[in-house]
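> coords below, sequence missing:
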């Protein structure tokens, strides 16, 4: 018997993928909410309108719950570099250890120093310092995202390193490493997507309170801010950030782009596939509906240009799960288009002054909030599956990276442990957030 | 450069133990010193708002270990695989207990999370002690610089050792008592009312038995790895660490007698600093000693990252550390003074 289940790399990857996917459900909301809190706190300072303070108070509690679970599920991520990916850590620690250490020292200290003050310190701090605490938390959460994306960007497109005499990687150019253009484009794309999650959550709660007929003042504030930012963020995710991301993949990982698009044969005038099923065995796309020249245009800016196909690369360099990669990418794009459509409609109704009375629209707005989480997850699946079979693109293969001394049984044991623990965490989180939503925004500040 | 990074890494671990050690101590104690739900919330409030800030020191220590000694991180984390996941899950549970324990105003909800907090704290304190014991004893590092250990083998301290043996377990107990005393001293400083009085009594009792425990564990260490005594005798930094440790002990002693709570707490923090400094200086440059063959040992020199990586990390590290000190100043101003018992504790720490 020789299946994926015997391959240690399979279990290490599954555990890392599971724990990181679960973890990222929480930071994407905190990063998406952070600047709303800053904006509302600023409006409260400027206008003295208590509605803004009540909104900050309420969402800071939701933020706090997400932050808490983000912290406790984030620490295992850092540990797993050493426990599960020891060979990779040994090889690249001198480089990627930099940004992981920086994340702790620049971002986490900032965020965790101010989070308590933001949630519990409104009276003690006074409005101005409370505003500063909100900025500290927002900066901390976005800086943390930046350092993680620099780390990921190095794995996607390594720069600023040299191979040392003992065969491992050493950092030689820190500014090239930190200003990796892959990191900046991915940061822009990812942070816009986090804003989509945040604005959809705020919109959904506004729609919920409006439909229930409770907390109406807060509901209209949430609907107004949520839909305005929701549309802007949904557009930004697609253009320019998503477009730039795709061009970057075309330039640096052409084999990944070919797999994302189910493009088995290269050539000019590349079609973009709207629908279709990749058939890896027969090396073709079944039942395709394609836009002629679309992929050439998106990847290179002209309809006639050449786009590589999978057949131009050795099969050992192909991403190892082309089907999953293809569907993840296509579903993400489809969801992104739907977000733009839904938010455009919501803004249209808002400008006509009819949003709050359009129950037919409030229902989908309320029920839409899980989908940005799905789209974010699909986006990360696209990025990470597209990087395969490499751990560090072109330098180090995933199959070389895992810990040799850890047995499959050990990993299966801890994976099951994580499943159980995270199931309980998820229940707890839903219960506590549900309670907050049930109680609703308070009018008074906490001691 | 390698020596400097070794010192910085030891510094960050020390800061972490001083800061979070008191939270472990408080967690171990709170079922005994706080008799009513309101008093328990008072204990949690004394440590609550900053637990994640303290835990970031551990995360940053891990980051510095990663960047400066990647081969050490790789060997030790994969070698301690199951033990580390136990520690991680305890951290998850402790964090949840602190974070959500106060969210619902319900007796059973409070009781449940109070017990979770206590059990996770006890386990974490013991596991950290065991880890410290493993550092002193050594682990079965093989020719390739890897090791993998069972939880226990024959409870002996030589050759094919496990995570637990008579030495590492007794180190776990000593660290548990030490951190509990540290936590009791902190709670004496930070609380008032009945919790304060009970903590003061417990702190005094625990500190009285500490000298005996230190003497026993020092003797045990001599038996387990006699060479360490010679290393220490010839190392001026180790002597300095011992002086710091003794100064801290005097501060604890006089602080407890004179009811100078701040002095006692600073003293117990100083003792931790002295102890870890002595330990770090004594074992240097060996970090993970091999019980199979001394030449397999992982040292600071054979596990460090390339010189350019270390130099570049030194560009940003002082800046980050400075910022961290600034936050520390900000939050310690925010949370000064004693924590009272309050009736309405819903949602707050």
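Yep, it's here. The shown structure was predicted, so the numbers you read here are calculated from the model rather than taken from an experiment.
> my guess is residue B:310 meets residue B:68, correct?
Yes - using C-beta atoms under 8 Å, residue B:310 is in contact with residue B:68, at 6.2 Å. From N, CA and C alone the C-beta is placed, and that goes for glycine too.
> quick one, strands of the stretch 51-200 of chain A?
Assigned by DSSP state E, counting those that start in this stretch, the strands in the stretch 51-200 of chain A fall at A:161-163, A:169-171.
> So which residues on the stretch 101-250 of chain B come close to chain A?
Residues of the stretch 101-250 of chain B lying close to chain A (C-beta under 8 Å from any C-beta of the partner chain) are B:103, B:104, B:146, B:147, B:148.
> who touches both of residue B:310 and residue B:68?
Applying C-beta atoms under 8 Å, 6 or more residues apart in numbering or on different chains, one finds that residue B:310 and residue B:68 are jointly contacted by B:2, B:5, B:304.
> Specify which member of the residues you listed is nearest to residue A:214.
residue B:5 (56.9 Å; C-beta to C-beta).
> Mind listing residues that contact stretch A:296-303?
Stretch A:296-303 is contacted by residues A:243, A:246-247, A:250, A:257, A:268-270, A:272, A:292-293, A:304-307 when judged by C-beta under 8 Å, 6+ apart.
> The residue in the stretch 1-150 of chain A that chain B sits nearest to - nearest residue in space that isn't next to it in sequence?
Per C-beta to the nearest C-beta, residue A:93 is where the stretch 1-150 of chain A lies closest to chain B, at 2.3 Å. Spatial nearest neighbour of residue A:93, chain neighbours left out: residue B:70 (2.3 Å); criterion: C-beta to C-beta, 6 or more residues apart in numbering or on different chains.
> pLDDT score assigned to the one you found?
Note on residue B:70: pLDDT of 91.
> near chain A at all, stretch B:26-35?
No - residues of stretch B:26-35 contacting chain A under C-beta under 8 Å from any C-beta: none, with a closest distance of 15.3 Å.
> Just the buried positions in that stretch, please.
Within stretch B:26-35, the residues scored as buried using 16 or more other C-beta atoms under 10 Å in any protein chain shown are B:26, B:27, B:28, B:29, B:30, B:31, B:33, B:34.
> elements contacting the strand or helix carrying the second one?
Going back to what we said before, that points to residue B:27. Using DSSP states H and E, residue B:27 sits in helix B:2-33. Applying 3 or more C-beta pairs under 8 Å, 6 or more residues apart in numbering or on different chains; DSSP states H and E, one finds that helix B:2-33 contacts helix B:37-47, helix B:51-68, helix B:107-137, helix B:166-190, helix B:194-224, helix B:261-283, helix B:300-303, helix B:307-334.
> now those as TSV including mean neighbour count?
Listed next are these as TSV, based on neighbours: other C-beta atoms under 10 Å in any protein chain shown:
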stretch	mean neighbour count
helix B:37-47	23
helix B:51-68	25
helix B:107-137	20
helix B:166-190	24
helix B:194-224	17
helix B:261-283	22
helix B:300-303	18
helix B:307-334	16
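> Pick out the shakiest of those helices, pLDDT-wise.
For the helices and strands packed on helix B:2-33, where the average pLDDT is lowest is helix B:37-47, sitting at a mean of 82.
> What lies in contact with it?
Helix B:37-47 has contacts (C-beta under 8 Å, 6+ apart) with B:22-23, B:26, B:29-31, B:33-34, B:98, B:101-102, B:107, B:110-111, B:114, B:117, B:186-187, B:190-191, B:193-195, B:339-343, B:345, B:348-349.
> Quick check: the residue of chain B nearest chain A.
Nearest residue of chain B to chain A, counting by C-beta to the nearest C-beta: residue B:70, 2.3 Å away.
> how about that residue, what does it touch?
A:89, A:90, A:91, A:92, A:93, A:94, A:97, A:168, B:303, B:305.
> and those residues, which two are the farthest apart?
A:92 and B:303 (14.4 Å).
> Just checking, which helix or strand of chain A averages the lowest pLDDT?
Of all helical and strand segments in chain A, the minimum by mean pLDDT, DSSP states H and E falls on strand A:267-268, at a mean of 81.
> What helices and strands are in contact with that one?
By 3+ C-beta pairs under 8 Å, 6+ apart, strand A:267-268 packs against strand A:306-307.
> The strand it packs on pairs with which strands, parallel or anti?
strand A:267-268 (antiparallel) (DSSP bridges).
> just how off-centre is the strand it pairs with within its chain?
Offset of strand A:267-268 from its chain centre (C-alpha atoms, centre = their mean, to the nearest Å): 33 Å.
> Over to stretch B:63-71?
For stretch B:63-71, the distance to the chain centre is 19 Å (C-alpha atoms, centre = their mean).
> and if you look at stretch B:216-233?
Offset of stretch B:216-233 from its chain centre (C-alpha atoms, centre = their mean): 21 Å.
> Straight-line length of it, end to end?
19 Å (C-alpha to C-alpha, to the nearest Å).
> Outside of it itself, list whatever touches it.
B:136-138, B:157, B:167, B:170-171, B:174, B:238-239, B:278, B:281-283, B:289.
> How about stretch A:363-377?
Defining contact as C-beta under 8 Å, 6+ apart, one finds that stretch A:363-377 is touched by A:21, A:24-25, A:28, A:193-194, A:196-197, A:200-201, A:203-204, A:206-208, A:211, A:223, A:227, A:331-332, A:335-336, A:338-339, A:342, A:346.
> Report the buried members of the residues you listed.
Buried by 16+ other C-beta under 10 Å: A:24-25, A:28, A:193-194, A:196-197, A:200-201, A:203-204, A:206-208, A:223, A:227, A:331-332, A:335-336, A:339, A:342, A:346, out of the contacts of stretch A:363-377.
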